[in-house]
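[1] Turn this into a model:
(one chain, ligands or ions: 1)
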Amino acid sequence: MLIFGSPLIEDDEIQEVVATMRAGWLGTGPKVAAFEKQFCDYVGGGQAVGVNSCTAALHLALVGCGVGPGDEVITTPMTFCATVNAIVHAGATPVLADVDPRTMNIDPRRIEERITSRTRVVLPVHFAGRACDMTTITGLAQKHGLRLVEDCAHSIETTHRGRHVGTFGDYGCYSFYVTKNIITGEGGMVVCSQEKSDRIRILSLHGMDRDAWKRFGGQGYRHYQVVECGFKYNMMDLQAAIGIHQLRRIDQCWQRRRDIWARYQREFADLAIELPAEPDQDSRHAYHLYTILIDGDAAGIDRDRFLEAMTADGIGVGVHYVSLPEHEWYQQRFGWVPTDYPHALRIGRQTVSLPISAKLTDEDVDDVVRGVRKHIAQRSR
Ligand SMILES: *Cc1c(COP(=O)(O)O)cnc(C)c1O
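    As a prediction, this is how the structure comes out:
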């Protein structure tokens, strides 16, 4: 079985985890600090705060924006549920703006239509690793006095006009979950200005004014003060031990995924499916997901039967994502109607993600190509 999204783990991080365990400092300490610094240098942001997931990063960012009951946050229906759940947990109301069918990213024109006097934050997701139109979205946020939080769970390597995504807005939120571009098991990062990062750091560890590392670190005993009602979201040195080595190989892994992505584009060009749009000229795509759209009538097999057929052939596939308004909790809580977001609805019903991890061998890629070609009809001339 070719496991979908299986991470590439090498000896360096295994040794570093073992060394961390032997040293005995497992919690938030010098390795988290080093990983934060290196990550921040990579994306070119002000400060980075390591946390235990991107979900936590999003929640902290929204708390940092000061949203609460009565406030609205505009985001995309084509994302993982964590994006919207973080908005709900921050006490605000999520408002959806449909995607552009070509890029599958939130459409700035739809954002503008949804802005009300209650809107506080725009929360774009750089879907599959493709940059949102940050020039337009940043302009919109400025014009309407809105905060900007970027969900960069797919897009550490992504740039828009030469600048890394996650550094356009007030906060950039990244994921190191096992299927993501670099991994720490569970893990995430908030990137923001120095000034904002001080509060995010405090909020990430119970609202205490000094972290445990400094408290117990040789400068004499220091009392802490609880200065806010914070959360338990801090990253551990054990996680950073993995992340430091993953980050060193980030561009190597990106190149491997780019090659696989380009090969799929060539191999599937004659099939009766919709392939992802080519990367945009003014941005760098992170190639996190390779997603095809299957229209059952054209392809000779519908999406769900294709998922079953591939899995039966031993090839793990994914769905990113069934559009959020199709889920019952959101329908009941917010009255969302899937057909109000027709592009996200269609993508959610037709999309399949094929394996694209840097761990894939050329033979694995051959197997995926063969599997897809076996089940999908060719385009009629
Ligand atoms: C994975 C993912 C998240 C959540 O990341 P975790 O680190 O698992 O909390 C949020 N948004 C998107 C778009 C994701 O793909």
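[2] residues making contact with stretch 196-215?
    27-30, 33, 46-49, 51, 56, 60-61, 63-64, 170-171, 190, 192, 221-222, 224-234 (C-beta atoms under 8 Å, 6 or more residues apart in numbering). To be clear about C-beta, it is placed using only N, CA and C from the backbone, and glycine gets the same treatment.
[3] correct me, but residue 317 touches residue 352?
    Yes: under the criterion of C-beta atoms under 8 Å, residue 317 makes contact with residue 352 at 5.5 Å.
[4] Overlap of the contact sets of the two?
    Jointly contacting residue 317 and residue 352 under the rule C-beta under 8 Å, 6+ apart are 306, 307, 310.
[5] per-residue confidence for residue 220?
    Residue 220 is assigned 75 on the pLDDT scale.
[6] Can you give me the distance of it to residue 122?
    Residue 220 is 46 Å from residue 122, where distance means C-beta to C-beta, to the nearest Å.
[7] So for the two, which sits in the more crowded spot?
    Just comparing residue 220 and residue 122: by other C-beta atoms under 10 Å the higher neighbour count belongs to residue 122, 27 against 5.
[8] Could you look up the SS state of the more buried one?
    With DSSP: H, G, I helix; E, B strand; the rest coil as the basis, residue 122 sits in strand.
[9] which residues touch it?
    By C-beta under 8 Å, 6+ apart, residue 122 lies in contact with 73, 74, 75, 111, 137, 140, 141, 146, 147, 148, 149.
[10] Which single one of these is nearest to residue 290?
    The nearest member of the contacts of residue 122 to residue 290, counting by C-beta to C-beta, is residue 75 at 23.4 Å.
[11] that older thread, can you say which of the contacts of stretch 196-215 are buried?
    Taking 16 or more other C-beta atoms under 10 Å as the criterion, what is buried in the contacts of stretch 196-215 is 28-29, 33, 47-49, 51, 56, 60-61, 63-64, 170-171, 190, 192, 230-231, 233-234.
[12] circling back: could the contacts of residue 122 be laid out in TSV, adding pLDDT, neighbour count and distance to the ligand?
    Shown next, in TSV, are these (pLDDT from 0 to 100; neighbours: other C-beta atoms under 10 Å; distance: C-beta to the nearest ligand atom, whole Å):
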residue	pLDDT	neighbour count	distance to the ligand
73	99	26	14
74	99	25	15
75	99	26	10
111	98	25	17
137	98	23	16
140	98	19	21
141	98	22	19
146	98	21	20
147	98	20	18
148	98	21	16
149	98	30	11
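[13] Next step: the residues you listed restricted to strands.
    Using DSSP state E, the members of those that fall in strands are 73, 74, 75, 147, 148, 149.
[14] Hmm, the first one is touching residue 63, no?
    No: with contact defined as C-beta under 8 Å, residue 73 does not reach residue 63; the gap is 11.9 Å.
[15] any shared contact partners between these two?
    Common contacts of residue 73 and residue 63 (C-beta under 8 Å, 6+ apart): residue 90.
[16] tell me how far stretch 69-76 is from the chain's mean position?
    19 Å (C-alpha atoms, centre = their mean, to the nearest Å).
[17] Which residue comes closest to residue 88 once chain neighbours are left out?
    Excluding its sequence neighbours, the residue lying closest to residue 88 (C-beta to C-beta, 6 or more residues apart in numbering) is residue 94, at 6.6 Å.
[18] any idea which helix or strand carries residue 331?
    Here residue 331, judged by DSSP states H and E, is contained in helix 328-334.
[19] helices and strands around that helix, which ones?
    Using 3 or more C-beta pairs under 8 Å, 6 or more residues apart in numbering; DSSP states H and E, no helix or strand is in contact with helix 328-334.
[20] buried residues in it?
    Of the residues in helix 328-334, 330, 334 count as buried by neighbour count, 16+ other C-beta under 10 Å.
[21] same check, this time on stretch 238-255
    238-247, 249-250, 253-254.
[22] Sort out which one of these lies nearest residue 160 for me.
    residue 254 (16.0 Å).
[23] show me what contacts the closest one?
    Contacts of residue 254 were listed using C-beta under 8 Å, 6+ apart, and they are 157, 181, 286, 287, 358.
[24] returning to what we had before: export the ones in strands among the contacts of residue 122 as CSV, with columns for distance to residue 325.
    Shown next, in CSV, are the ones in strands among the contacts of residue 122 (distance: C-beta to C-beta, whole Å):
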residue, distance to residue 325
73, 16
74, 14
75, 12
147, 24
148, 23
149, 21
